[in-house]
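**Student:** just coords:
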């Protein structure tokens with residue numbers, strides 16, 4: 001048989017095996033894996049790795065925050081993701097106070113559908129004004145939105161009683177709650193205290209959001225999940241104390257999952273001491289932590305104390321970041337950093353090549369476990385019948401990260417100068433070659449919303 005496309009002689013890497021073989025694609029799916037396969041088009045991959053397309057389950061594209069909107073649109077953000085080997089992402093929906101949740105979901109999809117290059121899903125955010133709408137969760141789940149974002153910080157913060165109600169409602173529809181865990185009462189008090197004594201610089205951002213209080217919030221919501229009887233996924237774990245709360249719960253048999261992000265693996269809080277806007281650029285929440293926390297996070301990924309690396313990609317320009325500096329108020333600096341393009345290769349270079357974890361673990365934390373946890377049933381693996389989301393990865397290709405080598409739109413990167421060895425040569429989404437040898441062949445609107453109705 002002659003297939004539509006065959007990737008020849010590559011080293012296939014999944015979360016479980018590493019083997020040299022051909023991969024055949026027919027239409028949008030993987031049709032065969034073996035030797036000597038023939039295709040109408042063939043791509044030679046000898047000396048390269050063939051992995052599932054990476055999955056980023058935590059991004060903020062076209063996200064409004066106050067007067068700002070995150071710098072990457074659904075088009076530019078998903079294009080940058082494709083350049084970096086990511087073929088699926090999950091973004092967020094937030095309903096207005098009087099807006100039905102299904103209407104909000106449809107409106108967010110309408111913004112994305114005409115722009116996305118790769119496939120995507122959405123988390124539904126549950127705010128205090130959504131607590132009276134919890135009966136609507138069943139319809140939201142049926143519409144393919146199988147995960148629900150809960151905040152313990154900001155204006156979207158749920159109190160403990162509201163958290164319990166939301167967890168119960170999510171449990172009852174079979175969804176997965178995902179949580180931003182920080183103690184907002186303590187943060188608000190520390191921010192106010194620092195500003196009142198003219199401690200206004202970015203240095204005091206991390207000092208106002210202690211890792212101990214992130215761990216306290218994580219422990220509190222873990223206890224609520226145990227009370228209610230639901231799985232739980234904790235976003236953007238920044239330090240050792242939070243890791244150990246998750247690890248303790250998992251040792252007790254609770255289905256608790258944690259992710260970390262590149263900023264916590266590669267950056268530390270001393271960056272907040274740089275002069276002017278440079279100190280404001282890496283502001284994010286939770287904040288950057290210490291080098292000791294960074295080391296602990298790498299070890300946690302190797303030991304399965306953390307299960308996923310996502311990006312929390314939420315970029316703002318230097319001018320937007322500068323507002324808090326101009327106002328002498330670190331709490332006015334929009335939080336978020338870019339990473340959607342570099343994540344997969346950064347984890348290969350500084351995870352696999354440095355011996356921190358194996359090729360298979362790399363694929364597991366970037367592709368397979370994200371797909372499994374978030375109901376992406378045909379993604380995250382290389383197997384017959386799965387979507388043909390594939391990356392031909394050149395393990396020797398060198399890149400120095402900078403705004404000129406990346407395709408993100410913030411105009412800066414916190415990883416400028418970081419040397420990468422290993423970069424995608426080809427990115428394929430549902431059988432379509434989107435990027436090949438640095439050239440983009442995709443188009444806005446070819447990506448699809450993936451309905452998710454199952455999690456593990």
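**Tutor:** Received the coordinates, thanks. Given the structure is predicted, the values throughout are model-derived calculations rather than measurements.

**Student:** what sits against the spatially closest residue to residue 418 that is not a sequence neighbour?
**Tutor:** In space, residue 418 comes closest to residue 401 once its chain neighbours are excluded; the distance is 4.6 Å by Cβ to Cβ, 6 or more residues apart in numbering. C-beta coordinates here come from the backbone N, C-alpha and C atoms, glycine included. Going by Cβ atoms under 8 Å, 6 or more residues apart in numbering, residue 401 touches 342, 413, 415-420.

**Student:** so what's the residue lying closest to residue 69 once chain neighbours are set aside up against?
**Tutor:** Leaving out its chain neighbours, the residue that sits closest to residue 69 by Cβ to Cβ, 6+ apart is residue 62, at 6.0 Å. By Cβ under 8 Å, 6+ apart, the contact list for residue 62 reads 69-70, 72-74, 77, 111.

**Student:** how about 10 Å then?
**Tutor:** 69-77, 91, 108, 111-112, 115 (Cβ atoms under 10 Å, 6 or more residues apart in numbering).

**Student:** those residues into TSV, with extra columns for distance to residue 246?
**Tutor:** Converted to TSV, those look like this (distance: Cβ to Cβ, whole Å):
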residue	distance to residue 246
69	32
70	27
71	31
72	29
73	33
74	31
75	35
76	33
77	28
91	24
108	29
111	33
112	31
115	35
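
**Student:** what's the farthest-apart pair in those residues?
**Tutor:** 71 and 108 (18.3 Å; Cβ to Cβ).

**Student:** sheet partners, orientation included, of the helix or strand bottoming out on mean pLDDT in the chain?
**Tutor:** Every helix and strand of the chain was ranked by mean pLDDT, DSSP states H and E. The lowest is strand 64-65, at a mean of 85. Looking at strand 64-65 with DSSP bridges, its partner strands are strand 68-69 (antiparallel).

**Student:** what's the strand it pairs with in contact with?
**Tutor:** Under the criterion Cβ under 10 Å, 6+ apart, residues 60-63, 316-317, 319-321, 323, 334, 336 lie in contact with strand 68-69.

**Student:** closest one to residue 376 out of those, please.
**Tutor:** The shortest gap between residue 376 and any of the contacts of strand 68-69 belongs to residue 61, at 17.8 Å (Cβ to Cβ).

**Student:** and the closest one, how far from residue 102?
**Tutor:** Relative to residue 102, residue 61 is positioned 21 Å away (Cβ to Cβ, to the nearest Å).

**Student:** returning to what we had before: may I ask which of the contacts of residue 62 has the most neighbours?
**Tutor:** Comparing the contacts of residue 62 by number of neighbours (other Cβ atoms under 10 Å), residue 77 comes first, having 35 neighbours.

**Student:** what ranges do the strands span in the stretch 101-250 of the chain?
**Tutor:** 119-126, 147-151, 176-180, 232-234 (DSSP state E, counting those that start in this stretch).

**Student:** turn those into a markdown table, including mean pLDDT and mean neighbour count.
**Tutor:** Output for those, formatted as a markdown table (pLDDT from 0 to 100; neighbours: other Cβ atoms under 10 Å):
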| stretch | mean pLDDT | mean neighbour count |
| --- | --- | --- |
| strand 119-126 | 98 | 25 |
| strand 147-151 | 98 | 23 |
| strand 176-180 | 98 | 24 |
| strand 232-234 | 98 | 26 |
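
**Student:** out of those strands, which is closest to residue 387?
**Tutor:** With Cβ to Cβ, the closest approach to residue 387 among these belongs to strand 119-126: 7.8 Å.

**Student:** angle of the longest helix seen in the chain against strand 176-180?
**Tutor:** Assignment by DSSP state H gives helix 211-228 as the longest helix of the chain. Computed with axes from the mean of the first three to the mean of the last three Cα atoms, to 10 degrees, the direction of helix 211-228 lies at 160 degrees from that of strand 176-180.
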